[in-house]
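Peer 1: Here is my input, please return the structure:
(chains A, B and C)
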Amino acid sequence: MPGDLYFSRRGFLLSSAAMLMWTEAGAEVISGALPPWVAGRSSVPTPVLPGPWRFFTAAEATMVGAIVDRLIPADDLSPGGKDAGCVVFIDAQLAGPFGKAGGQYVKAPFLPGLPQQGYQGEDTPAGRYRKGLRALDELVATRFSGKSFVTLDPKDQDALLKGLEAGTIPLQGVDAKRFFALVLQNTMEGFFADPIYGGNKNMVGWKMIGFPGARYDYRDWIDRHNEAYPLPPLSIMGRSAWNVQ
Amino acid sequence: MRAILSSAALATALATSPALSQNPQDFSQIERGRYLSILGDCAGCHTAPGGKPMAGGLAIGTPFGKIIAPNITPDVDTGIGAMSDDQFVAALQEGRGKGGQRLYPAMPYIYYTKMSREDILAIRAYLNSLQPVVNAVVADQLPFPLDQRAVMIVWNTLNFTPGRFRPVEGKSAEWNRGYFIVEGPGHCGACHTPKGILGGDKTKRLYEGAALSGWFAPALTPDARSGLAAWSVEDIATYLKTGANKWTLASGPMADVITASTKHMRDDDLRAIATYLKDHGKPARDTAKPLAGNGAAMKAGAAIYKDNCSACHRDDGMGAPGLFPRLAGSANVQSRDVTTLARVVLAGTRAVSTDAAPTAPAMPSFSWRLTDGEVANLLTYIRNGWGNAASAVSASGIAGHRKQLASPN
Amino acid sequence: MAQKLPHKNVVIVGLGWTGSILAYELASAGLDVVAIERGPWRDTAADFPPSTSPDELRYATRLDLFLRPAQDTLTFRNKMNETALPIRSFIGFLPGNGVGGAGLHWNGQLWRFLPSDFKLRSHLTQRYGASALAADTTIQDWPVSYDDLEPFYQKFDALCGTSGKAGNLKGKIQVGGNPFEGARAAEYPTPPLKQPYAPTLFGKAASSLGYHPFPQPSCNLSEPYTNSLGVKMGQCTFCGFCERFGCGNYSKSSPQACVLPALMRLPNFTARTESEVLRVNLDSTGKKATGVTFVDTSGQEFEQPADMVLLCAFGLFNVRLMLLSGIGTPYDPTTGKGVVGRNYAYQTTSGVSIMMKKGTRLNPFISSGAGGVVIDDFNGDNFDHAGLGFVGGAALSATQSNGRPISTRPVAPGTPAWGAAWKKATVEGYQRGYGLGTQGSSYSYKDCYLDLDPTYKDRFGRPLMRLTFDFHENELKMSAYVTEKLAGIARAMDAEIVTPHPRTGPYTITQYQSTHNTGGTVMGSDPSDSVVNRYCQSWDVPNLFIPGGASVFPQNHGYNPTGTVGALAYWTADAIKQRYLKNPGALL
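Peer 2: Now for the predicted structure:
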C-alpha cells in the first residue's frame, strides 16, 4: 500500500537522523548567555519501525490481536484494532520505558491500599501483561475445554472481556479488573496516538473522528464556528501531500 | 639584542623613536583607536572564543585551508610589541606583516587600506593599551605552494589596489562617512562580495552576496528582490544595532559581527552605513518571474509549508517582527544561493541576543522530518509565494547541503 | 565529602516562575545569584518545537515534561487513621520538573484572588457569623490585602503579556470584563483571545440567565507582545496542545518565553541544572541559613554557601525542604501545635458534560489552554450564602482546552467503553460533546496537612513527604450547588444531553483533578499560625524566604494560583530590595 512505502522510507529518514539527536547532557552550569545552539539538535521521539516482536511471544501477539479486534472491531467506520497497529504499538510500549515502569516509584514495602491510593502492586506493566495474558489463556482453556482466546466465537470473546471489565470473572493471581483496564487504555492509546509509535496506522483513528493530528496553526479557523475543518490529519512523520503526486 | 634592551631602555627607545608619534597618555587617541577597532571588528578574528583580548589563535577557515589569526597584543616576543609604527601602518595599508612578509587576505587589508595613517596609529595606541599576552600562535596550515608568502605578490597584483579613502564629490557627508566605513574598516565586502577562484573580490559583482562557512552572506546591492531595496535606512541601522528588524533576525556569522562590532557603533555611523548601502552600485534588472502555484513542486511545497512553517511564519509569510523572520519579500529567501535557507531549515539556528533585543528565538531543525525533495519543494514554494520570485531548488542540491552540514571543516 | 563552592549572595532552589523572577530582580540589582534546579535545561526550539510538541502520547499521557516519582513523590492517605502509601505514578496531580517548572507546561490561566478572599475569615465571620464556618476549619486572613498586591499583579501581567478584558478599572465597572474582580489600575497588556464556538454559546446562555460572562484571562497571547524585560512573545495559534505541553511558538508565557532570555544575559547569574538540593544548612544557632547542600548527576555532593536562601521549588517541595532541614516547628494535627505542613489545601473541581444537537461542529481541537468564557457570579463570596449551608464558591466556565483523542472522546452517557457501540458513539460524540467546568475554593482544615512519612524514602534515603487530605462537607456542598448552577447554563445552551458530575468524596489520586496544591508554609501575621511573615520571610530563619510559591497560601480560592504566585514573587523581591538588603534581619 502506498501508505506503507511512505512509512518505511520515512522511518529510514528518522533513524538516520537519530545521529543528530540530542542526548541528555547531565548536570550543566550555565552563565552569561543562553546555552549555545547545537545545529541539528532536536528532541525527536524514537519511531517504531516494522520488524519482529520486541516483547510479545508469537502466541501472546496473536492473543492480543484477537483482544484488540474485539475492543475496536473492524466495521465501516474504521479497520479493527489489529489492522490499525494496536498490537505493534503495545508491543513497542512494553519493550520500552513504559513497560518497565521507568521513572515510577518502585520501592518497597508494597502494601494493599484503598482504591483512591492507586496501584500498589510490584509488577511492571510488562509483568502485568505477561501474567495477565497467561492467566486469561488458562481461564479460556479451563472454561472452553482446551480452546484458546483466538479460536473462540466473537460472542464468547466479548462476554469474557465484559466479565473481566466488570470484575465478575476473576483471573488466577491477577487483578482482572485492573488488567482489563490496562489493556483497554493501551489499546485506545494505540488507536489514537501519533502513528510514529506504531499504531493509528495511516492515521485511521484520527480519520474516523476527524481529528487533524499534529497541526499547530488554526488562526484561520478560530472564527469559523460550526464549519467542517477541511484539512486531512497530519502525523509527526508528515503526510502524503508533501510529496509530488 | 633582546637581552640588552631592559624595560627602562625600551621605554626610552619608545619615547624617542621618530617612528612613534603617539603619546601613551593621550586617552582621546586611545578611545578613537578603540572605536576604530570596533568598526574594523579586529576582535572578531584576533580574539579567540574564551581567549584573552586580541591574543590571536583563532583558526579562520578559507577555501584554501586554515589561517591562524596572529597575536596583536603588545607582547614583544609573541605579539606585535616589537613592530615599528611604520610596519604596523604598512600591515593595514599594504598587507605587509611583522617581518615584512606579505599577509594573507584573510586579513582584509584590501579594505583597511582605505584608513589613514592617523587612524591606524590610533588603533595602535589602543592595542598598546591592552594587556600584553604571551601566546605564540601556531603556524598557518595552508598547502604548498600557498604556504609560500611570495605567492601573494601575484595575488596582490591581480586583486589589490592600495589607497586611502577619498570622499566622493556631490555626495553628503553622511554618505561619505558610510562609504568610508563600509569600504574601509567595516570590510563588508570581505563576506558580501563573491570571490573568484583565487579568493579575490569579483570586482564586477561587488556586494552581490557570497557563500562562506556554510552560510550565504546576502547581497547588499539595491537589487529589488535579493538586495536591500525593500529595507529602509531605519531597517538597516536597527538590524546592525540590535540584531533584529521588522524583516529578520541575525544569526550565524553575522550574529558575531553584530555582537562584537556593529551593536557598539554610534547611531550616526549606523545611519551613515545604511545611507551608503541604500545608494551604491547599480540595481540589477528584475527578470525573475514567480513559478506558477499549480505546479507539482509548488503544491507539495505549499502543503509542507502549511504543516511545518505557518505556525510561526504565518500563512501569509509575514512572520512576527523581532521573533519570526518575514518570508514575503525577503531578500534572504530570494537570494541566488540557497545555502543559508537550506542550512536554517535542516540544522536550525538561534538568533543573536543583544541588550536591546534579548529574545534570541530559535528556528528548530527539520533534517529529521523532511527529505531532500521535501526541503527542495518547500524552498521552491517560499521563493515563489507571496509575490516572491526566484529559481526553484533541487533535491540533489539539498542533498549536497545536508552532507556539508554533517561534516563541516 | 561535600565540595565547597565559592560563596554567593543568593542561592535559589528551583528555576521555575518564582526562581526566575527572583533571580532576575536580584541579579539585576547587582547581587551574585545562583539557581539550583533538579531537572534539566529546557529550550523551546530544541526540545518542543511545533514539529514535535503536538504529541499527545508523549506529553499528555506519558508525561514527558513532568517530575518522575522515582526522583521525588509523596505518600497519600485521606484520613489520619489510615496508612499512607506512595503515589507510585502521578495521575491526580502532576508536579513539574526542569527549568521553567510547571510554568513551562501550564495552561496559562492567570487570575487574581478577590479582595474578600484576602480577608477570608474576618469577612465571612462578619457577614455570616462564626457559626457559618466549620468547627475544624483553619482558614485565615492573608497578611496582605488585594490593594497591597495590585501593583505586583500588574507587574506579573506586564511580564506575561496577559490577554484579557478588565472588568473593574480603577473602580469603574467595564462592560465585557469580570464585574466582581478587584479594581485594576490598568487594562490587560493584550486584548482577549478570540473564542471557539462552544465558549461563545456558553457566554450567550450565561447572559440570557442574567450572569456576567467574560473571557478568561489568558497567558496564551492574542497578539505578538514585547514584555517588561524587552523579550518578545508570539501569537497563540489555538493548536490545542497546551497544558502538559511546552509551547513551540513562544506564545505561552513561561520562564522560557518571558524571563530566561534576559536573565541569562546577566553575568552575575548562574544556573545549575540536574542538581538536587538535599537540605538547607543552618549555623549552630539554628537561626541563620548558611547555604544549601546539593547533589549532581554524578552523585557528588556540593555545598553552596550564600547570604540568603530562597525556596522557589514547586510549593509542595518547599514544604518538604523545610521539614527535612528542620526549619520551623512541624505541624502536629493531634495537638494543633506547629506550623510547617499545616493548612494544606487543593482545588474543588467538578464538571457538566454536554452533548449539543446532532450536526453541531464544535471543532474541539481548535483551542487554547486559557481561552474560553467564564462567569464569576458564583465564586468566593460574590453571592449571598445565607441559608445555603456552605461558604466559598467557584468559577463556572466553558474552557475546554483540547480535542486530543486519547483523553477527549465524549460519548453519550451509558455508552460502553469499547466495541462497535463505543465506536459509533465516539464518532457521533466527538464534534458535539463538550465539558463545562467549575473550579472552586478549597478551604483549610485541621486534618488536611503535610508531614514526613515514617516508612517510605526517596533515592537519597530521605523520608518522602506524606499528604493527608480529603474533601470536607463544606466543599462537597459548595460543589453540588455550583455544579447545578452550571447545569442550568448548559440547559440554556440548548444542549441535547446535560450530565452533571459534582465533586464527590473520597479524594482520589487516581483521576486527574488539578495540580493546585497549596499551603504548608503559610504566610501570616503571627508565628503561631504561619511559617513566613507578610514578606514571605521565615519567622525562624530571617535570611530564608519562600517568595510566593503556593505553599504560602493560607487556603485556596476559586482560581488558578499562578497569578497570585507571580504577584507574591514580585512583592517579595520588592521587600528584599527595598527593606531586607538595606538592613538584613527579621523585617517584622
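Peer 1: doesn't residue C:395 fall inside a strand?
Peer 2: Yes. Under DSSP: H, G, I helix; E, B strand; the rest coil, residue C:395 sits within a strand.
Peer 1: Need the pLDDT of it.
Peer 2: For residue C:395, the model assigns a pLDDT of 98.
Peer 1: and it, what does it touch?
Peer 2: Applying CB atoms under 8 Å, 6 or more residues apart in numbering or on different chains, we find residue C:395 in contact with C:111, C:374-376, C:379, C:438-440, C:558-559. Just so you know, the C-beta spots here come from the backbone N, C-alpha and C atoms, and that holds for glycine as well.
Peer 1: Please report the distance of it from residue C:348.
Peer 2: Distance, residue C:395 to residue C:348, by CB to CB, to the nearest Å: 11 Å.
Peer 1: contacting residues for residue A:142?
Peer 2: Per CB under 8 Å, 6+ apart, neighbours of residue A:142: none.
Peer 1: any idea which element it lies in?
Peer 2: helix A:125-143 (DSSP states H and E).
Peer 1: mind listing what's buried in the helix or strand following that helix?
Peer 2: Beyond helix A:125-143 in the direction of the C-terminus, DSSP H and E gives the next helix or strand as helix A:154-166. For helix A:154-166, a neighbour-count test (16 or more other CB atoms under 10 Å in any protein chain shown) marks A:157-158, A:160-165 as buried.
Peer 1: Out of those residues, which two sit at the greatest distance?
Peer 2: The most widely separated members of these, counting by CB to CB, are A:157 and A:165 (12.5 Å).
Peer 1: now chain A, which segments are flagged as low pLDDT?
Peer 2: Where chain A drops to pLDDT under 70, the residues are A:1-25, A:40-41, A:245.
Peer 1: Need the residue closest to the centroid of it.
Peer 2: Ranked by distance to the mean C-alpha position of chain A (CA atoms, centre = their mean), the top residue is residue A:190 at 3.2 Å.
Peer 1: Strands along chain A, start to end?
Peer 2: Secondary structure of chain A by DSSP state E: the strands cover A:29-31.
Peer 1: Could you do the stretch 251-400 of chain C as well?
Peer 2: Under the criterion DSSP state E, counting those that start in this stretch, the stretch 251-400 of chain C contains strands at C:269-272, C:276-282, C:289-295, C:301-311, C:342-345, C:348-355, C:373-375, C:394-398.
Peer 1: model confidence over the shortest one, on average?
Peer 2: Think strand C:373-375. For strand C:373-375, the mean pLDDT works out to 98.
Peer 1: Show residues contacting that strand.
Peer 2: Strand C:373-375 is contacted from outside by C:178, C:195, C:199-200, C:202-203, C:206, C:211-216, C:395-399, C:489, using CB under 8 Å, 6+ apart.
Peer 1: let's go with 7 Å and repeat that
Peer 2: Here strand C:373-375 makes contact (CB atoms under 7 Å, 6 or more residues apart in numbering or on different chains) with C:195, C:199, C:202-203, C:206, C:211-216, C:395-399.
Peer 1: now, among these, which is nearest to chain A?
Peer 2: residue C:195 (7.8 Å; CB to the nearest CB).
Peer 1: Was I right to think that closest one contacts residue C:367?
Peer 2: No. Counting by CB atoms under 7 Å, residue C:195 stays clear of residue C:367, with 9.7 Å between them.
Peer 1: Give me the more crowded residue out of these two.
Peer 2: Counted by other CB atoms under 10 Å in any protein chain shown, residue C:195 and residue C:367 do not tie: residue C:367 has more neighbours, with 29 against 24.
Peer 1: And the pLDDT at the more buried one?
Peer 2: pLDDT for residue C:367: 97.
Peer 1: Spatially nearest residue to residue C:229, not counting backbone neighbours?
Peer 2: In this structure, residue C:229 finds its nearest non-sequential neighbour in residue C:262, 4.0 Å apart by CB to CB, 6 or more residues apart in numbering or on different chains.
Peer 1: From chain C, how far off is the residue in the stretch 1-150 of chain B positioned nearest to chain A?
Peer 2: Nearest residue of the stretch 1-150 of chain B to chain A (CB to the nearest CB) works out as residue B:49 at 10.0 Å. Per CB to the nearest CB, to the nearest Å, residue B:49 is found 16 Å from chain C.
Peer 1: just the strands in chain B please.
Peer 2: For chain B, the strands defined by DSSP E occupy B:59-62, B:65-68, B:210-212, B:215-217, B:349-350, B:362-363.
Peer 1: Can you redo these as a markdown table, where the extra columns are distance to chain C?
Peer 2: Listed next are those as a markdown table, based on distance: least, CB to the nearest CB, whole Å:
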| stretch | distance to chain C |
| --- | --- |
| strand B:59-62 | 25 |
| strand B:65-68 | 29 |
| strand B:210-212 | 24 |
| strand B:215-217 | 18 |
| strand B:349-350 | 7 |
| strand B:362-363 | 3 |
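Peer 1: can you tell me which of those the model trusts least?
Peer 2: strand B:59-62 (a mean of 79).
Peer 1: who touches that strand?
Peer 2: Contacts to strand B:59-62, defined as CB under 7 Å, 6+ apart, come from residues B:45, B:66-69, B:106, B:199, B:213, B:409.
Peer 1: Could you rerun that using 8 Å?
Peer 2: Residues from elsewhere that reach strand B:59-62, judged by CB under 8 Å, 6+ apart: B:45, B:66-69, B:104, B:106, B:141, B:199, B:213, B:409.
Peer 1: In CSV, please show the C-alpha coordinates belonging to that strand.
Peer 2: Provided in CSV are the C-alpha atoms of strand B:59-62 (Å, rounded to 0.1, in the frame of the first residue of the first chain):
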residue,chain,number,x,y,z
ALA,B,59,41.7,29.4,13.1
ILE,B,60,39.9,31.1,10.1
GLY,B,61,38.7,28.6,7.5
THR,B,62,39.3,29.6,3.9
